[in-house]
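Asks: Quick one: sequence and predicted model below, then my questions.
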Amino acid sequence: MQIWEIVIPQHRTKGFRLQSGIVLPELDVAYECYGELNSEKSNAILVQHGTTSTHHAARRMTPDLREGWWDGIIGPGKLFDTDKYCVISSNMLGSSYGTTGPASINPDTKRAWGGDFPKITVEDMARAQKSLIDALGIDRLLAVAGGSVGGLLGFQWAVTFPDAMRGIIAADCGPVSRFGTSAALPELVAELQADPNWNDGHYAEAGGLGDVMTRIRIRTLLSYQFMEKFEGQMPKRDVEKLLHETAREWAKEFDPMSLVVLNRAIGGFNVSDQLDRICAKFFYVLCDTDEFYPASIGENVAEEMRKAGASVTFHQVSSHMGHYSTSVEPEKWVPQAQTFLGGLQN
(Lines give C-alpha, C1' and ligand atoms only; values in the text may rest on other atoms or scores of the structure.)
Protein backbone atom coordinates (compact mmCIF):
# COMPACT_ATOMS: atom_id res chain seq x y z
CA MET A 1 0.00 0.00 0.00
CA GLN A 2 1.09 3.59 -0.63
CA ILE A 3 1.01 4.89 2.94
CA TRP A 4 2.47 8.24 1.91
CA GLU A 5 -0.94 8.89 0.39
CA ILE A 6 -2.71 8.62 3.76
CA VAL A 7 -4.96 11.68 4.10
CA ILE A 8 -4.54 12.12 7.88
CA PRO A 9 -0.97 13.40 8.49
CA GLN A 10 -0.98 12.64 12.22
CA HIS A 11 -1.11 9.67 14.54
CA ARG A 12 -3.02 10.40 17.75
CA THR A 13 -2.90 8.55 21.04
CA LYS A 14 -4.46 9.39 24.40
CA GLY A 15 -2.75 9.56 27.78
CA PHE A 16 0.93 9.59 26.79
CA ARG A 17 3.08 9.25 29.92
CA LEU A 18 6.40 11.10 29.95
CA GLN A 19 9.49 9.92 31.84
CA SER A 20 8.72 12.60 34.44
CA GLY A 21 5.42 10.88 35.19
CA ILE A 22 3.38 13.73 33.70
CA VAL A 23 0.70 12.50 31.30
CA LEU A 24 -0.07 14.41 28.10
CA PRO A 25 -3.85 14.14 27.59
CA GLU A 26 -3.29 13.76 23.85
CA LEU A 27 -0.24 13.01 21.73
CA ASP A 28 -0.24 13.81 18.03
CA VAL A 29 2.69 12.67 15.88
CA ALA A 30 2.94 14.30 12.45
CA TYR A 31 4.73 12.38 9.72
CA GLU A 32 5.36 11.88 6.03
CA CYS A 33 6.04 8.61 4.22
CA TYR A 34 7.77 7.98 0.91
CA GLY A 35 7.51 4.67 -0.94
CA GLU A 36 5.55 1.46 -0.43
CA LEU A 37 5.37 -0.67 2.67
CA ASN A 38 5.74 -4.29 1.55
CA SER A 39 3.34 -7.03 2.57
CA GLU A 40 5.67 -8.23 5.35
CA LYS A 41 6.18 -4.62 6.56
CA SER A 42 9.89 -5.37 6.70
CA ASN A 43 11.23 -2.57 4.48
CA ALA A 44 10.50 0.49 6.63
CA ILE A 45 13.20 3.03 7.46
CA LEU A 46 12.62 5.75 10.05
CA VAL A 47 14.54 8.98 9.40
CA GLN A 48 15.06 11.65 12.07
CA HIS A 49 15.40 15.42 11.72
CA GLY A 50 17.49 17.97 13.63
CA THR A 51 16.40 20.32 16.42
CA THR A 52 14.82 23.11 14.40
CA SER A 53 13.90 21.19 11.26
CA THR A 54 10.69 19.40 10.25
CA HIS A 55 9.55 15.94 9.24
CA HIS A 56 9.52 17.10 5.61
CA ALA A 57 12.51 15.02 4.53
CA ALA A 58 12.00 14.58 0.78
CA ARG A 59 10.15 15.75 -2.32
CA ARG A 60 8.26 19.03 -2.56
CA MET A 61 5.02 18.08 -0.80
CA THR A 62 4.50 21.20 1.32
CA PRO A 63 2.28 24.13 0.21
CA ASP A 64 5.36 26.30 -0.40
CA LEU A 65 7.09 23.46 -2.33
CA ARG A 66 10.19 23.54 -0.14
CA GLU A 67 12.68 20.76 -0.74
CA GLY A 68 13.02 18.10 1.94
CA TRP A 69 16.18 18.23 4.06
CA TRP A 70 17.32 14.77 2.89
CA ASP A 71 15.88 14.95 -0.61
CA GLY A 72 19.31 14.14 -2.01
CA ILE A 73 19.31 10.67 -0.46
CA ILE A 74 15.60 9.75 -0.34
CA GLY A 75 13.97 8.73 -3.59
CA PRO A 76 14.22 6.27 -6.50
CA GLY A 77 17.78 5.04 -6.98
CA LYS A 78 19.09 6.98 -3.97
CA LEU A 79 20.45 5.68 -0.64
CA PHE A 80 16.95 5.32 0.76
CA ASP A 81 15.51 4.00 -2.49
CA THR A 82 11.74 4.50 -2.44
CA ASP A 83 11.36 1.80 -5.09
CA LYS A 84 12.61 -0.62 -2.42
CA TYR A 85 11.98 0.98 0.96
CA CYS A 86 9.17 2.75 2.78
CA VAL A 87 10.80 5.80 4.37
CA ILE A 88 8.97 7.30 7.36
CA SER A 89 9.84 10.74 8.72
CA SER A 90 8.13 11.95 11.89
CA ASN A 91 8.17 15.32 13.60
CA MET A 92 9.76 14.98 17.04
CA LEU A 93 7.84 15.47 20.27
CA GLY A 94 8.06 19.09 21.43
CA SER A 95 8.61 20.48 17.94
CA SER A 96 6.46 22.96 16.02
CA TYR A 97 5.35 21.11 12.91
CA GLY A 98 2.32 19.07 13.90
CA THR A 99 3.55 16.82 16.67
CA THR A 100 2.42 17.80 20.16
CA GLY A 101 4.52 20.65 21.53
CA PRO A 102 4.25 24.07 23.19
CA ALA A 103 2.23 25.49 20.27
CA SER A 104 -0.37 22.73 20.62
CA ILE A 105 -3.64 23.29 22.42
CA ASN A 106 -3.76 21.82 25.90
CA PRO A 107 -7.14 19.98 25.97
CA ASP A 108 -7.51 20.76 29.67
CA THR A 109 -7.10 24.56 29.38
CA LYS A 110 -8.20 25.12 25.76
CA ARG A 111 -5.18 27.38 25.18
CA ALA A 112 -1.71 26.79 23.76
CA TRP A 113 0.66 25.05 26.16
CA GLY A 114 3.30 27.74 25.71
CA GLY A 115 5.49 28.03 28.80
CA ASP A 116 3.39 25.42 30.60
CA PHE A 117 4.57 22.58 28.35
CA PRO A 118 6.24 19.92 30.54
CA LYS A 119 9.89 18.94 30.42
CA ILE A 120 10.61 16.07 28.07
CA THR A 121 13.59 13.82 27.30
CA VAL A 122 15.06 12.34 24.15
CA GLU A 123 13.66 9.01 25.34
CA ASP A 124 10.19 10.58 25.42
CA MET A 125 10.74 11.63 21.80
CA ALA A 126 11.71 8.09 20.80
CA ARG A 127 8.72 6.60 22.62
CA ALA A 128 6.39 9.01 20.82
CA GLN A 129 7.83 7.86 17.50
CA LYS A 130 7.48 4.23 18.56
CA SER A 131 3.76 4.80 19.13
CA LEU A 132 3.50 5.85 15.47
CA ILE A 133 5.50 2.85 14.21
CA ASP A 134 3.31 0.51 16.27
CA ALA A 135 0.17 2.16 14.89
CA LEU A 136 1.43 1.51 11.35
CA GLY A 137 1.71 -2.18 12.23
CA ILE A 138 5.49 -2.35 11.83
CA ASP A 139 7.07 -4.85 14.22
CA ARG A 140 10.68 -4.25 13.17
CA LEU A 141 12.21 -1.42 11.17
CA LEU A 142 14.94 -2.13 8.67
CA ALA A 143 16.83 0.92 9.92
CA VAL A 144 16.67 4.14 11.91
CA ALA A 145 18.72 6.98 10.42
CA GLY A 146 19.50 10.58 11.26
CA GLY A 147 22.13 13.25 11.66
CA SER A 148 22.91 15.65 14.50
CA VAL A 149 20.01 15.49 16.99
CA GLY A 150 18.39 12.99 14.63
CA GLY A 151 21.46 10.85 15.24
CA LEU A 152 21.03 11.17 19.01
CA LEU A 153 17.54 9.80 18.51
CA GLY A 154 19.09 6.88 16.64
CA PHE A 155 21.26 6.10 19.67
CA GLN A 156 18.17 6.41 21.89
CA TRP A 157 16.22 3.97 19.73
CA ALA A 158 19.16 1.56 19.85
CA VAL A 159 19.13 1.34 23.65
CA THR A 160 15.42 1.81 24.36
CA PHE A 161 14.10 -0.51 21.65
CA PRO A 162 17.10 -2.76 20.92
CA ASP A 163 15.13 -5.29 18.87
CA ALA A 164 13.01 -2.77 16.96
CA MET A 165 15.41 -2.29 14.03
CA ARG A 166 18.14 -4.14 12.16
CA GLY A 167 20.47 -1.18 11.76
CA ILE A 168 21.24 2.39 12.77
CA ILE A 169 22.78 5.05 10.53
CA ALA A 170 23.95 7.87 12.80
CA ALA A 171 25.85 10.97 11.67
CA ASP A 172 27.26 14.01 13.49
CA CYS A 173 26.41 12.68 16.94
CA GLY A 174 27.36 10.29 19.71
CA PRO A 175 26.04 8.57 22.86
CA VAL A 176 26.36 11.80 24.89
CA SER A 177 25.18 15.31 23.98
CA ARG A 178 28.09 17.63 23.17
CA PHE A 179 25.99 20.53 21.87
CA GLY A 180 26.31 22.66 24.99
CA THR A 181 22.59 23.38 25.10
CA SER A 182 22.31 23.03 28.89
CA ALA A 183 24.88 25.75 29.48
CA ALA A 184 23.24 28.03 26.91
CA LEU A 185 19.69 27.45 28.15
CA PRO A 186 19.51 30.18 30.86
CA GLU A 187 20.66 32.81 28.37
CA LEU A 188 18.11 31.59 25.79
CA VAL A 189 15.25 31.70 28.31
CA ALA A 190 16.31 35.15 29.51
CA GLU A 191 16.38 36.44 25.93
CA LEU A 192 12.85 35.19 25.28
CA GLN A 193 11.49 36.46 28.58
CA ALA A 194 12.94 39.92 27.93
CA ASP A 195 10.62 40.38 24.96
CA PRO A 196 7.62 42.61 25.82
CA ASN A 197 5.30 39.96 24.35
CA TRP A 198 6.48 37.18 26.69
CA ASN A 199 3.18 37.31 28.62
CA ASP A 200 4.20 34.76 31.25
CA GLY A 201 4.89 32.17 28.58
CA HIS A 202 1.69 32.75 26.62
CA TYR A 203 3.32 34.93 23.96
CA ALA A 204 1.04 33.64 21.20
CA GLU A 205 -1.81 35.57 22.82
CA ALA A 206 0.30 38.77 22.82
CA GLY A 207 1.53 38.82 19.23
CA GLY A 208 4.38 36.31 19.37
CA LEU A 209 8.15 36.70 19.64
CA GLY A 210 9.00 37.15 15.96
CA ASP A 211 11.85 39.64 16.32
CA VAL A 212 13.80 37.78 18.98
CA MET A 213 13.29 34.45 17.21
CA THR A 214 14.60 35.98 13.97
CA ARG A 215 17.76 37.12 15.75
CA ILE A 216 18.22 33.69 17.30
CA ARG A 217 17.79 32.00 13.93
CA ILE A 218 20.33 34.27 12.24
CA ARG A 219 22.92 33.25 14.83
CA THR A 220 22.05 29.58 14.34
CA LEU A 221 22.27 29.75 10.55
CA LEU A 222 25.63 31.47 10.76
CA SER A 223 26.87 28.66 13.01
CA TYR A 224 25.68 26.24 10.31
CA GLN A 225 28.03 28.03 7.89
CA PHE A 226 25.13 29.48 5.92
CA MET A 227 27.34 32.10 4.28
CA GLU A 228 29.95 29.55 3.24
CA LYS A 229 27.29 27.37 1.62
CA PHE A 230 26.63 30.07 -0.99
CA GLU A 231 30.23 31.19 -1.40
CA GLY A 232 30.98 31.86 -5.05
CA GLN A 233 27.35 31.32 -6.06
CA MET A 234 25.98 34.81 -5.40
CA PRO A 235 27.14 38.23 -4.13
CA LYS A 236 27.64 38.52 -0.36
CA ARG A 237 24.94 41.20 -0.15
CA ASP A 238 22.41 38.82 -1.69
CA VAL A 239 23.44 36.01 0.65
CA GLU A 240 22.96 38.30 3.65
CA LYS A 241 19.51 39.24 2.38
CA LEU A 242 18.65 35.56 1.95
CA LEU A 243 19.95 34.87 5.47
CA HIS A 244 17.57 37.43 7.00
CA GLU A 245 14.60 36.30 4.87
CA THR A 246 15.19 32.66 5.78
CA ALA A 247 15.42 33.54 9.48
CA ARG A 248 12.22 35.60 9.39
CA GLU A 249 10.26 32.81 7.70
CA TRP A 250 11.47 30.27 10.25
CA ALA A 251 10.55 32.61 13.11
CA LYS A 252 6.97 32.66 11.84
CA GLU A 253 6.79 28.85 12.07
CA PHE A 254 8.84 27.78 15.07
CA ASP A 255 7.48 28.16 18.58
CA PRO A 256 9.85 29.85 21.05
CA MET A 257 9.19 27.34 23.83
CA SER A 258 9.86 24.48 21.42
CA LEU A 259 13.39 25.82 21.26
CA VAL A 260 13.62 25.72 25.06
CA VAL A 261 11.94 22.32 25.47
CA LEU A 262 14.06 20.64 22.80
CA ASN A 263 17.36 22.17 23.89
CA ARG A 264 16.69 21.14 27.49
CA ALA A 265 16.00 17.57 26.38
CA ILE A 266 19.07 17.47 24.16
CA GLY A 267 21.28 18.80 26.94
CA GLY A 268 20.28 15.92 29.19
CA PHE A 269 20.95 13.20 26.62
CA ASN A 270 23.40 10.50 27.72
CA VAL A 271 23.13 6.78 26.94
CA SER A 272 26.84 5.98 27.38
CA ASP A 273 26.05 3.61 30.26
CA GLN A 274 23.52 1.67 28.17
CA LEU A 275 25.66 0.70 25.17
CA ASP A 276 25.46 -2.97 26.15
CA ARG A 277 21.77 -2.89 25.23
CA ILE A 278 22.51 -2.26 21.54
CA CYS A 279 21.59 -5.15 19.25
CA ALA A 280 21.30 -3.32 15.92
CA LYS A 281 24.30 -2.92 13.62
CA PHE A 282 25.68 0.64 13.52
CA PHE A 283 26.97 2.78 10.68
CA TYR A 284 28.57 5.78 12.37
CA VAL A 285 29.85 8.78 10.41
CA LEU A 286 31.60 11.95 11.60
CA CYS A 287 33.34 14.88 9.89
CA ASP A 288 36.90 15.95 10.72
CA THR A 289 35.91 19.63 11.16
CA ASP A 290 32.67 19.11 13.10
CA GLU A 291 32.82 21.50 16.05
CA PHE A 292 30.59 19.28 18.21
CA TYR A 293 31.45 15.72 17.16
CA PRO A 294 34.83 15.81 15.39
CA ALA A 295 35.90 12.64 13.64
CA SER A 296 38.85 12.45 16.04
CA ILE A 297 36.50 11.02 18.68
CA GLY A 298 34.92 8.53 16.30
CA GLU A 299 37.22 5.54 16.72
CA ASN A 300 37.12 5.86 20.51
CA VAL A 301 33.30 5.98 20.52
CA ALA A 302 33.14 3.04 18.10
CA GLU A 303 35.58 1.04 20.22
CA GLU A 304 33.57 1.66 23.40
CA MET A 305 30.48 0.44 21.57
CA ARG A 306 32.31 -2.65 20.33
CA LYS A 307 33.55 -3.41 23.86
CA ALA A 308 29.89 -3.30 24.93
CA GLY A 309 29.06 -5.87 22.23
CA ALA A 310 27.84 -3.67 19.36
CA SER A 311 28.74 -4.14 15.70
CA VAL A 312 29.99 -0.75 14.47
CA THR A 313 31.26 0.52 11.13
CA PHE A 314 32.89 3.94 11.50
CA HIS A 315 33.41 6.26 8.53
CA GLN A 316 35.23 9.60 8.55
CA VAL A 317 34.33 12.48 6.24
CA SER A 318 36.89 15.18 5.36
CA SER A 319 35.31 18.55 4.67
CA HIS A 320 35.53 22.26 5.54
CA MET A 321 31.75 22.33 6.17
CA GLY A 322 31.90 21.09 9.78
CA HIS A 323 28.69 19.89 11.41
CA TYR A 324 26.83 20.68 8.19
CA SER A 325 29.01 18.50 5.96
CA THR A 326 27.07 15.22 5.90
CA SER A 327 23.94 17.11 4.83
CA VAL A 328 25.49 19.09 1.98
CA GLU A 329 28.07 16.53 0.84
CA PRO A 330 26.30 13.16 1.04
CA GLU A 331 28.51 11.76 -1.72
CA LYS A 332 31.29 11.52 0.87
CA TRP A 333 29.51 8.87 2.95
CA VAL A 334 26.48 7.56 1.05
CA PRO A 335 28.37 4.86 -0.94
CA GLN A 336 29.61 3.30 2.30
CA ALA A 337 26.15 3.62 3.88
CA GLN A 338 24.67 1.95 0.79
CA THR A 339 26.87 -1.10 1.38
CA PHE A 340 25.91 -1.14 5.05
CA LEU A 341 22.20 -0.88 4.28
CA GLY A 342 22.39 -3.67 1.73
CA GLY A 343 24.03 -5.91 4.32
CA LEU A 344 21.11 -5.49 6.72
CA GLN A 345 18.87 -7.45 4.36
CA ASN A 346 21.11 -10.52 4.17
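Replies: Perfect, I can see it now.
Asks: So Leu286 versus Ile216, what's the distance?
Replies: 26 Å (Cβ to Cβ, to the nearest Å). (Glycine included, C-beta is placed from N, CA and C.)
Asks: can you give me the strands in the stretch 201-346 of the chain?
Replies: For the stretch 201-346 of the chain, the strands defined by DSSP state E, counting those that start in this stretch cover 281-287, 312-317.
Asks: Between the ones you listed, which one is closest to Gly268.
Replies: Ranking the strands of the stretch 201-346 of the chain by proximity to Gly268 (Cβ to Cβ) places strand 281-287 first, at 21.8 Å.
Asks: Each with direction, which strands does that closest one pair with?
Replies: strand 165-171 (parallel), strand 312-317 (parallel) (DSSP bridges).
Asks: what mean pLDDT does it have?
Replies: For strand 281-287, the mean per-residue pLDDT is 98.
Asks: coming back round to it: mean neighbour count, distance to Asp276 and mean pLDDT added to the strands paired with strand 281-287, as a markdown table?
Replies: Formatted as a markdown table, the strands paired with strand 281-287 follow (neighbours: other Cβ atoms under 10 Å; distance: least, Cβ to Cβ, whole Å; pLDDT from 0 to 100):
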| stretch | mean neighbour count | distance to Asp276 | mean pLDDT |
| --- | --- | --- | --- |
| strand 165-171 | 26 | 15 | 98 |
| strand 312-317 | 19 | 13 | 98 |
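Asks: Dump those into TSV; add distance to Ser39 as well.
Replies: Converted to TSV, the strands paired with strand 281-287 look like this (distance: least, Cβ to Cβ, whole Å):
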stretch	distance to Ser39
strand 165-171	18
strand 312-317	30
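Asks: thinking again about what came up before, and the strands of the stretch 201-346 of the chain as JSON lines, adding distance to Ala206?
Replies: Shown next, in JSON lines, are these (distance: least, Cβ to Cβ, whole Å):
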{"stretch": "strand 281-287", "distance to Ala206": "41"}
{"stretch": "strand 312-317", "distance to Ala206": "45"}
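Asks: Minimum distance to Gly137: which of these has it?
Replies: strand 281-287 (23.8 Å).
Asks: Report the contact partners of Ile22.
Replies: Listed by Cβ atoms under 8 Å, 6 or more residues apart in numbering, the contact set of Ile22 reads Pro118.
Asks: at 10 Å instead, please
Replies: Shown in contact with Ile22 (Cβ atoms under 10 Å, 6 or more residues apart in numbering): 16, 117-120, 124.
Asks: Make JSON lines from the residues you listed and add neighbour count to it.
Replies: Formatted as JSON lines, those follow (neighbours: other Cβ atoms under 10 Å):
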{"residue": "Phe16", "neighbour count": "20"}
{"residue": "Phe117", "neighbour count": "23"}
{"residue": "Pro118", "neighbour count": "15"}
{"residue": "Lys119", "neighbour count": "15"}
{"residue": "Ile120", "neighbour count": "25"}
{"residue": "Asp124", "neighbour count": "24"}
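Asks: Out of those residues, flag the one nearest to Ser89.
Replies: Of those, the one sitting nearest to Ser89 (Cβ to Cβ) turns out to be Asp124, at 18.5 Å.
Asks: Which parts of the stretch 51-200 of the chain are helices?
Replies: For the stretch 51-200 of the chain, the helices defined by DSSP state H, counting those that start in this stretch occupy 122-135, 149-160, 181-193.
Asks: Deepest in the core, which of these is it.
Replies: helix 149-160 (a mean of 27; mean count of other Cβ atoms under 10 Å).
Asks: distance between that helix and the chain's centre?
Replies: 10 Å (Cα atoms, centre = their mean, to the nearest Å).
Asks: A helix includes Tyr31, no?
Replies: No: under DSSP: H, G, I helix; E, B strand; the rest coil, Tyr31 sits outside any helix and is assigned strand.
Asks: List the beta-bridge partners for it.
Replies: Beta-bridge partners, per DSSP bridges, of Tyr31: Ser90.
Asks: what about it, neighbour count?
Replies: Tyr31 sits with 23 neighbouring residues when counted by other Cβ atoms under 10 Å.
Asks: and it, how far is that from Ser131?
Replies: Taking Cβ to Cβ, one finds Tyr31 at 11 Å from Ser131.
Asks: Check Val328 too.
Replies: Val328 is 33 Å from Ser131, by Cβ to Cβ.
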